[in-house]
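Q: let's see this in three dimensions:
(2 chains)
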Amino acid sequence: MAKENKGFVTHITPRSEDFSQWYTDVILQSKLVDYAPVRGCMVLRPYGYAIWESIQRVLDKRFKETGHENVYMPLLIPESLLLKEAEHVEGFAPEVAWVTQGGNDILQERLAVRPTSETMFCTMYSKWVSSWRDLPMKYNQWCSVMRWEKSTRPFLRTSEFLWQEGHTIHATLDEAQAETLQMLEIYRELAEESLAIPVIVGEKTQKEKFAGANSTYSIEAMMQDGKALQAGTSHNFGTRFAEAFDIQYLSKDGKLEYVSETSWGVSTRLIGAIIMTHGDERGLRLPPVIAPIQVQIVPIAQHKEGVLEACEEIANKLKSVGIRVDIDDRDTLSAGFKFNDSELKGIPLRIEVGPRDIEQDIITYFRRDTLEKGSFSKSLLLNNVSVLLNQIQKELYSQALKFRDERTADVFNMEELNNQVQIGFARAMWCGDVECEDKIKEETGATTRNMPFDQTPIGETCVCCGKKAKKLIYFSKAY
RNA sequence: CGAGGUGUAGCGCAGUUUGGUAGCGCGUUUGGUUCGGGACCAAAAGGUCGCAGGUUCAAAUCCUGUCACCUCGACCA
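A: The predicted structure follows:
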């Protein structure tokens, strides 16, 4: 049942006029989040948190199917642990928040509010592993982390954010690499099949990789302003952390060996990706797989006899097959208001139930993805709603894919690259030197996204320096 | 952290130039009439004007300081 008061519903700034303002209008008015009294922090409201729960539901199932277990590590990390892996420290030190006092006493050693938990997992793994029989260990945790960012935006970059972080250790480098790619694939599947967001899957450059990783892989999505959003990452650490934290085991042939380690994570940033991929002038558009409410039933003239009862009957039928349905039975609100409200909230399918429908024994529906209204015989309810929800899921994906493809182009020189990254993604050949990466960033504002797994070359020479190219790579402006 | 902007009722704002009773719209509450694309009428509640100093008979308004937020740049899931 809808429980909210009316609240205010006002004008949403058009995307074309000011994309940033549109984003802010949508997230606040659809009641996903609100600003918190703490700098850079957001409050996830029930509707926003429900989307996160949907994402958790889908991912957690896949994690468990692939042999992972959930654990929980402490929020506070002693400074000495954080200092153990040099590159890792250097990467995270500037954005760590510190606890220096307990009660009235100054602490002997200050404690970091975790920015990520590699060091904590490593510390524990070093205690828990002694034999090859203990391996692999594949743990994940759902938690929040804190990074003291200079500038923040709800979902995209906040001081504290919710995420999952998987940390695994393996006997061999090959096993760790297989794990890294398997989790990346699960992220791709989540993005494309559940969130209806097409992603570029590939490897990050050395410059853009995670602090302390041997290699980092990512999924990259295009937002409606043509900028990229890194939507998930998976890292292979090789034995670097194992050496720093002394995580060793006795192998089958009795030798002391270092473990190979991975980590991988996605965050509530994914919700930002959903909004900026699918949203339109009326508000959110949520993919049915993760929409907290899949079908919104709006009673028309709900005071009239039989209307609410008819709504209940339809809702119960849909619930019986696991469809998430809600009846907006707030009285004193007009049907028109409720229509706009359900569209603002991005509910994929709306069913309008009024005296006419009841009399004619039909279901009148409205699709959020195409804004089409239609009707069918009530006897077809269960079948047709399922079909419609599937169609909406696919339609959102294909709209997003079409948009991305239209805004992606192959470029062969700096001028073309510069022009292309103003509107979207540029595919280019690259020599592999960080100097070219830096120069391109300097001159165009674009950074490398990733090197896709399909490395079919589109040319011979580096887009920047003209020397022999080594890699096909994506450039774009990024969040 | 550099540049610019904004803080007045739950939300959006006016009032500040020229100091003099705290305003408007939306929302909220109560009652009634409505109900197929953002309903209407009537009554009501709600504010130490971001915070701290100062000037003045008198400060939302002038001065000083400070905090927060927003936008744009440098760093990041």
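Q: so who does the nearest residue to A:Arg157 once chain neighbours are set aside touch?
A: Distances taken as CB to CB, 6 or more residues apart in numbering put A:Glu149 closest to A:Arg157, at 5.3 Å, once the chain neighbours are dropped. No exception for glycine: its C-beta is placed from N, CA and C like everyone else's. Applying CB atoms under 8 Å, 6 or more residues apart in numbering, one finds that A:Glu149 lies in contact with A:Gly40, A:Glu95, A:Arg157, A:Thr158, A:Ser159.
Q: give me the element A:Glu149 is part of.
A: Per DSSP states H and E, A:Glu149 falls between elements, in no helix or strand.
Q: one step back: can you narrow the contacts of A:Glu149 to ones near RNA strand B?
A: A:Gly40, A:Glu95, A:Arg157, A:Thr158 (CB under 7 Å from any atom of the strand).
Q: tell me the least confident of the residues you listed?
A: Among the ones next to RNA strand B among the contacts of A:Glu149, A:Gly40 has the lowest pLDDT, at 81.
Q: can I assume that residue sits in a helix?
A: No. Applying DSSP: H, G, I helix; E, B strand; the rest coil, one finds A:Gly40 to be coil, outside a helix.
Q: correct me, but it touches A:Leu156?
A: No. At 11.4 Å, A:Gly40 does not count as touching A:Leu156 under the criterion of CB atoms under 8 Å.
Q: circling back to that earlier point, ok, and the most crowded of the contacts of A:Glu149?
A: For these, the largest number of neighbours (other CB atoms under 10 Å) sits with A:Thr158, at 25 neighbours.
Q: A strand includes A:Gly272, no?
A: No. The assignment for A:Gly272, made by three-state DSSP, is helix rather than a strand.
Q: isn't it up against A:Pro154?
A: Yes. Between A:Gly272 and A:Pro154 a contact is recorded at 7.4 Å, counting by CB under 8 Å.
Q: any weak-confidence spans in chain A?
A: A:1-10 (pLDDT under 70).
Q: in it, which helix is the longest?
A: Across chain A, the longest stretch assigned as helix under DSSP state H is helix A:381-406.
Q: which elements pack onto the next helix or strand after that helix?
A: Using DSSP H and E, the helix or strand that follows helix A:381-406 in sequence is strand A:408-410. Packing partners of strand A:408-410 (3 or more CB pairs under 8 Å, 6 or more residues apart in numbering; DSSP states H and E): strand A:425-430.
Q: for the strand it packs on, packing partners?
A: Secondary-structure packing of strand A:425-430 (3+ CB pairs under 8 Å, 6+ apart): strand A:408-410, helix A:414-423, strand A:471-476.
Q: need the max-distance pair from the ones next to RNA strand B among the contacts of A:Glu149.
A: Greatest spacing in the ones next to RNA strand B among the contacts of A:Glu149, by CB to CB: A:Glu95 and A:Thr158 (12.1 Å).
Q: and A:Glu372, how many residues sit next to it?
A: The tally of other residues near A:Glu372 (other CB under 10 Å) stands at 9.
Q: so how far is A:Ala273 from it?
A: 26 Å (CB to CB, to the nearest Å).
Q: OK, contacts around the residue most central in space within chain A?
A: For chain A, the residue nearest the mean C-alpha position is A:Leu270 (2.0 Å; CA atoms, centre = their mean). A:Leu270 makes contact with A:Ile55, A:Leu190, A:Ala191, A:Leu195, A:Ala231, A:Gly232 under the criterion CB under 8 Å, 6+ apart.
Q: what comes up buried for the helix or strand containing the fifth one?
A: Read it as A:Ala231. Assigned by DSSP H and E, A:Ala231 belongs to strand A:228-238. For strand A:228-238, the buried set under the neighbour-count rule, 16 or more other CB atoms under 10 Å, comprises A:Ala228, A:Leu229, A:Gln230, A:Ala231, A:Gly232, A:Thr233, A:Ser234, A:His235, A:Asn236, A:Phe237, A:Gly238.
Q: RNA strand B: which of these is nearest?
A: Set against RNA strand B, the nearest of the buried residues of strand A:228-238 by CB to the nearest atom of the strand is A:Gln230 (3.4 Å).
Q: in the stretch 51-200 of chain A, which spans are helices?
A: Using DSSP state H, counting those that start in this stretch, the helices of the stretch 51-200 of chain A run over A:79-82, A:86-92, A:118-128, A:173-189.
Q: kind regards, and thank you for your time.
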